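**Student:** My questions are about this predicted structure, shown below with the sequence.
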Amino acid sequence: MTKRKLHLVSGAGGNMMPCRRKSDDNRREKSLSGRTLFSDYMHELIEQLRLEGRYGTAKNYEKTLRVFCKFMGGKELPLTAINSRTIAEYNTYLLRRGLLRNSISFYMRILKAVYNKAVRHRLVRQAFPFSEVYTGVDATRKRAIDESLLSRLNSMQLPSGTALSLARDIFIFSYCARGMAFVDVAYLLKTDCVNGVINYARRKTGQLLTIRVEPSMQRIIERNASPSSPYLFPILTSDDSAEAYRQYLAALNNYNYQLAKLSALLNSSCKLTSYTARHSWATAARNHNVPLSVISAGMGHTSEQTTRIYLAALDNSVIDEANKGIIDSLG
């Protein structure tokens with residue numbers, strides 16, 4: 001590779017080993033001069049993620065591996081060569097490609113997670129190679145819309161049974177369900193909603209959440225119910241995890257397309273996306289003087305250990321009452 005000195009280890013005959021996936025028969029024996037290869041280790045993790053049904057995370061790992069292999073110019077690298085110098089050069093490479101700070105951090109966070117797993121598996125010794133690069137998340141452009149616009153959207157007359165009306169209903173349901181993420185709405189099963197209560201695990205974090213079904217939410221559920229489907233909403237149809245994930249990706253694209261059309265109908269400068277309902281609920285809750293601890297619990301935030309510990313004993317009825325007040329303001 002030109003202008004990069006990464007101290008790569010040579011294979012047989014002194015040639016650099018290509019950054020590629022090998023056959024399953026050899027997967028457990030992959031090494032270079034007795035050392036586990038970075039790409040081989042990532043492929044193992046990706047395969048495990050797929051087996052666990054964590055297709056979104058597996059996709060992010062695959063994307064990260066592709067970008068890192070481009071940085072390496074197709075050459076292989078042992079895990080032990082992941083050091084501060086390598087990561088600094090990779091950071092410079094991403095900057096030169098014009099990536100923004102949050103995008104670079106996305107790749108760095110995944111690489112850091114992989115490296116830390118390798119440390120736990122005793123494949124490498126902890127050398128803290130990511131200490132000099134940014135792995136945080138910068139604040140992004142505000143995505144919330146105000147409650148008056150939500151009320152207009154809720155009362156908008158749309159042809160029933162259309163993709164547009166379903167997108168509106170899903171958006172309002174997501175808002176009413178304390179900003180439930182679209183992926184969680186899509187995967188909701190009828191068995192998750194029993195006796196006026198929804199119990200589900202966030203697909204992003206695995207955290208268990210309980211939500212009381214308010215009348216406005218129940219009307220949306222009944223309006224879009226499909227008797228023959230195990231799912232609460234007509235978004236997915238397959239019970240095969242891989243196929244269901246493919247359906248989810250297609251549904252997400254169509255959902256955002258329909259939300260863009262709704263944004264135009266609202267004639268507002270605010271653009272609706274799959275994230276907007278979640279941000280809007282949090283903003284509305286804050287505007288209703290709901291304590292930050294209640295908002296965090298209601299949304300299932302688990303990124304800060306202190307918040308998780310504090311919220312562990314919070315009575316869910318407190319969150320439900322706060323949510324009812326927010327939903328009632330829709331009119």
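**Tutor:** Everything's here; your move. Values in this document were obtained by computation on a predicted structure and should not be read as measured data.
**Student:** alpha carbons only for contacts and neighbour counts from here, please
**Tutor:** OK.
**Student:** C-alpha coordinates for stretch 204-211, PDB please?
**Tutor:** Extracted C-alpha coordinates of stretch 204-211, given in PDB (Å, rounded to 0.1, in the frame of the first residue of the first chain):
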ATOM      1  CA  LYS A 204     -31.500  -2.500  19.700                       C
ATOM      2  CA  THR A 205     -30.700  -3.100  23.400                       C
ATOM      3  CA  GLY A 206     -32.800  -6.100  24.500                       C
ATOM      4  CA  GLN A 207     -34.300  -4.000  27.300                       C
ATOM      5  CA  LEU A 208     -37.700  -5.100  28.300                       C
ATOM      6  CA  LEU A 209     -40.400  -2.400  28.300                       C
ATOM      7  CA  THR A 210     -44.100  -2.300  29.300                       C
ATOM      8  CA  ILE A 211     -46.500   0.200  27.800                       C
END
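**Student:** Flag every buried residue along it.
**Tutor:** 210-211 (16 or more other Cα atoms under 10 Å).
**Student:** what's in contact with it?
**Tutor:** 177, 197-202, 300, 302, 316, 320 (Cα atoms under 8 Å, 6 or more residues apart in numbering).
**Student:** Now tabulate those in TSV and tack on pLDDT.
**Tutor:** Formatted as TSV, these follow (pLDDT from 0 to 100):
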residue	pLDDT
Ala177	94
Val197	96
Ile198	97
Asn199	96
Tyr200	93
Ala201	91
Arg202	86
Gly300	75
Thr302	59
Asn316	62
Asp320	79
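**Student:** which of those residues sit farthest apart?
**Tutor:** Val197 and Thr302 (21.9 Å; Cα to Cα).
**Student:** neighbour count winner among these two?
**Tutor:** Neighbours around Val197 and Thr302, counted as other Cα atoms under 10 Å, are more numerous at Thr302. The numbers are 16 against 13.
**Student:** Restricting to C-alpha, output the helix or strand harbouring Ala285 in PDB.
**Tutor:** Using DSSP states H and E, Ala285 maps to helix 276-287. Taking C-alpha atoms only, helix 276-287 is exported to PDB below (Å, rounded to 0.1, in the frame of the first residue of the first chain):
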ATOM      1  CA  THR A 276     -39.100  11.900  14.200                       C
ATOM      2  CA  ALA A 277     -41.800  10.300  16.300                       C
ATOM      3  CA  ARG A 278     -39.200   9.200  18.900                       C
ATOM      4  CA  HIS A 279     -37.600  12.600  19.100                       C
ATOM      5  CA  SER A 280     -40.900  14.300  19.200                       C
ATOM      6  CA  TRP A 281     -42.200  12.300  22.200                       C
ATOM      7  CA  ALA A 282     -39.100  13.100  24.100                       C
ATOM      8  CA  THR A 283     -39.500  16.800  23.300                       C
ATOM      9  CA  ALA A 284     -43.200  16.800  24.200                       C
ATOM     10  CA  ALA A 285     -42.500  15.000  27.500                       C
ATOM     11  CA  ARG A 286     -39.900  17.600  28.400                       C
ATOM     12  CA  ASN A 287     -42.300  20.400  27.500                       C
END
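**Student:** quick one: buried residues of it?
**Tutor:** Applying a neighbour-count criterion of 16+ other Cα under 10 Å, the buried positions in helix 276-287 are 276-285.
**Student:** Check which element follows that helix along the chain.
**Tutor:** Criterion used, DSSP H and E; the element after helix 276-287 is helix 292-299.
**Student:** Can you tell me which helices and strands that following helix packs against?
**Tutor:** For helix 292-299, the helices and strands in contact under the criterion 3 or more Cα pairs under 8 Å, 6 or more residues apart in numbering; DSSP states H and E are helix 276-287, helix 305-311, helix 316-328.
**Student:** ranking those helices by mean pLDDT, which is last?
**Tutor:** Per-stretch mean pLDDT for the helices and strands packed on helix 292-299 is lowest at helix 305-311 (a mean of 33).
**Student:** so where's the stretch 101-250 of the chain shaky on pLDDT?
**Tutor:** Across the stretch 101-250 of the chain, residues meeting the criterion (pLDDT under 70) sit at 137-142.
**Student:** Centre of the chain to the host helix or strand of Tyr245, how far?
**Tutor:** In this structure, Tyr245 sits in helix 241-266 according to DSSP H and E. Computed by Cα atoms, centre = their mean, to the nearest Å, the separation of helix 241-266 from the middle of its chain amounts to 15 Å.
**Student:** Give the other helices and strands that it contacts.
**Tutor:** Against helix 241-266 (3+ Cα pairs under 8 Å, 6+ apart) you get helix 147-155, helix 163-176, helix 182-187.
**Student:** list the buried ones in the last one?
**Tutor:** It refers to helix 182-187. Those buried within helix 182-187 under the rule 16+ other Cα under 10 Å are 182-183, 185-187.
**Student:** on that earlier part again, quick check, nearest of the contacts of stretch 204-211 to Asn253?
**Tutor:** Arg202 (20.2 Å).
**Student:** Verify the stated contact: the closest one with Asp184.
**Tutor:** Yes. The pair Arg202 / Asp184 is scored as a contact, 6.3 Å apart, by Cα atoms under 8 Å.
**Student:** between these two, what contacts are shared?
**Tutor:** By Cα under 8 Å, 6+ apart, no residue touches both Arg202 and Asp184.
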